[in-house]
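Asker: What follows is a predicted structure for the sequence shown.
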Amino acid sequence: METKLAPEFINTADGIEVKRILGKCVHCGFCTATCPTYQLLGDELDGPRGRIYLIKQMAEGQAPTEKTRTHLDRCLTCRNCESTCPSGVEYGKLVDIGRKWAEEKTAPRPIGQKLIRWLLKEGLTNKPLFDLAMQIGRFMRPLMPASIARKVPQGLPAGHRPTKEHSRKMVLLDGCVQPGMLPNINHATVRVFDALGIQLISSTKAGCCGALRYHLNDQAGGLEDAKRNIDAWWPLIENGKDSAEAIVMNASGCGVMVKDYGHLLADDPAYAKKAERISQLCRDVSELLPEFKDALINQIGTHPKPGVVYHPPCTLQHGQQIRGKVEGLLEGLGISVNLCADSHLCCGSAGTYSILQADLSEQLRSQKLQNLEAACTQSGATTIVSSNIGCISHLHQDHLPVRHWIEIIDQLLSKNP
C-alpha cells in the first residue's frame, strides 16, 4: 500500500514508521476474518483493514473526526490480525500511532471520558491505592451486584513466598494490579522457581510495565514507567557473578510491553541500549519452565492428573507469538490440556477495554465463557487456566474458577515436597 505522507509527518519517527508498516499491507482482508470487533459489528471500519485505511488517511493529511477516534478506540489491540496477516503488517505498532494522532487532532473528549481514563491510569498503577481498594472490595463483595463483585476475584490464599538465596537468579516483575488482585500468582511463581533452584528477585522500585498508560494514549507516561523499570532492574542484571539471567513475566500483558521497550525507546539516547538489553532478557514463564521439564517430572511425575481447559491470552499467542509451550509443559506433567472452540479469539478483557468498551467486552466474555464451559463439559475438566491477570479476572466465575497455570504446578509441588 503506497502512502504519500503529509508534510507534517515527513522525516518524523512516527511518519516513517507508519509509511514502513503501511507499505507491507496488500489490503487482502484476511485480517477481518479473525477480528473480534468486526465479527460483532460487521463494519469494515471496525476491522483491521478499515482502521488501517483510517490511519493512512491521517498520514496523508486528512483530518480525523471523532468517528475516526471511536473506531480506533473499539480496537482490542488483540493483534489476532498480525497472526493472520500473510504480509507481516505490524498492526499493533500502527494503531498506537494512529490513536495518538487521532487524540491530538480531534476535539477533547467529554469530561466524563477524560475522568474515567485519568482514574484508570492513575488508580490502577498506584499499588498502595489499588491494594486498599481490593481489600475494601473483598470486604464489601457480598453486598455488591454480581457484575461488580466478579471484578473482585477471591483467588487462592497467597501462602509463603520463599526468600532462600540460590546461585541462579532471575528478576520477577510483580506488576501493578496482580499483587492486590491475585497475590498467589506471584507467590506461586516464586515457589516453583525456588523448587528448581532459582531465586526470583523483585525490585521495590519497579512498578507498572507502562502498558496501561501507553494504551490509554498517555504514551509519554507509559515510557516514563518503562524507564523507571529499566533503572530498577539495571543493577540486578549488571551485578557481576550475581547478575540475573532473565526478567520473568507471569502476566503476558506485561511481557509483551517489556519485550517492546527496545523498540519504544530506540530513539532515546539515554535508554536505547539499556531498553534493548531489557527486552532481550524478558521471558514469559512459559518460555523458561520447559527447560526444567525433567526436573519438574522428577518432583511431580507424569502420572495422569486432573485436566484443565486452557485459555491462551492474546498477548501471549498473538502479541508474543508464543503458542504450544504451556500445553506442552502441562501435558508432559500428566495434565491433559483442552482448548475451546474459539481459543484464538480475545475474551474481551484487553486491559482497560472491559471498562471503556463494556458492552463489546461483555459480548466477547459471554461468547468465550460459553465455549470454555462447553470445553469443560466435553473434557470433564473443572478448572480453566490462563496466563494473564486480565483474562483470569475477567473470566473468573465462582462456580468455575480461572487460575494461572503456574498455580497448578505449584499445588502439585506442594503435594510432593
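Answerer: Yep, it's here. Residues are numbered from 1 along each chain as shown.
Asker: Within the helices and strands, which one has the residue nearest to the spatial centre of the chain?
Answerer: For the chain, the residue sitting closest to the mean C-alpha position, by Cα atoms, centre = their mean, is Gly253 at 1.4 Å. Under the criterion DSSP states H and E, the helix or strand holding Gly253 is helix 252-258.
Asker: Export only the CA atoms of whichever helix or strand comes after that helix, formatted as CSV.
Answerer: Once the chain leaves helix 252-258, the next helix or strand it forms, by DSSP H and E, is helix 261-264. Provided in CSV are the C-alpha atoms of helix 261-264 (Å, rounded to 0.1, in the frame of the first residue of the first chain):
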residue,chain,number,x,y,z
TYR,A,261,10.9,-1.5,25.4
GLY,A,262,13.8,-1.7,22.9
HIS,A,263,11.5,-0.5,20.1
LEU,A,264,9.7,2.1,22.0
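Asker: any idea how far His399 is from Gly307?
Answerer: Separation of Gly307 from His399 (Cβ to Cβ, to the nearest Å) stands at 18 Å. Placement of C-beta: from N, CA and C, glycine included.
Asker: Looking at these two, which is more packed in?
Answerer: In terms of neighbours (other Cβ atoms under 10 Å), Gly307 is the more surrounded of Gly307 and His399; the figures are 19 against 6.
Asker: if I pick the more buried one, what's in contact with it?
Answerer: Ile335, Ser336, Val337, Asn338, Ser379, Gly380, Ala381 (Cβ atoms under 8 Å, 6 or more residues apart in numbering).
Asker: In helices, which of those residues appear?
Answerer: Applying DSSP state H to those, the entries found in helices are Ser379.
Asker: Neighbour count, pLDDT and distance to Thr65 for the contacts of Gly307 - can I get that in a markdown table?
Answerer: A markdown table is the format used below for the contacts of Gly307 (neighbours: other Cβ atoms under 10 Å; pLDDT from 0 to 100; distance: Cβ to Cβ, whole Å):
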| residue | neighbour count | pLDDT | distance to Thr65 |
| --- | --- | --- | --- |
| Ile335 | 24 | 97 | 51 |
| Ser336 | 16 | 97 | 51 |
| Val337 | 19 | 97 | 46 |
| Asn338 | 18 | 97 | 45 |
| Ser379 | 16 | 96 | 48 |
| Gly380 | 11 | 95 | 52 |
| Ala381 | 21 | 95 | 47 |
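Asker: If we only consider the contacts of Gly307, which is nearest to Met134?
Answerer: When those are compared for distance to Met134 (Cβ to Cβ), Ala381 wins out at 28.1 Å.
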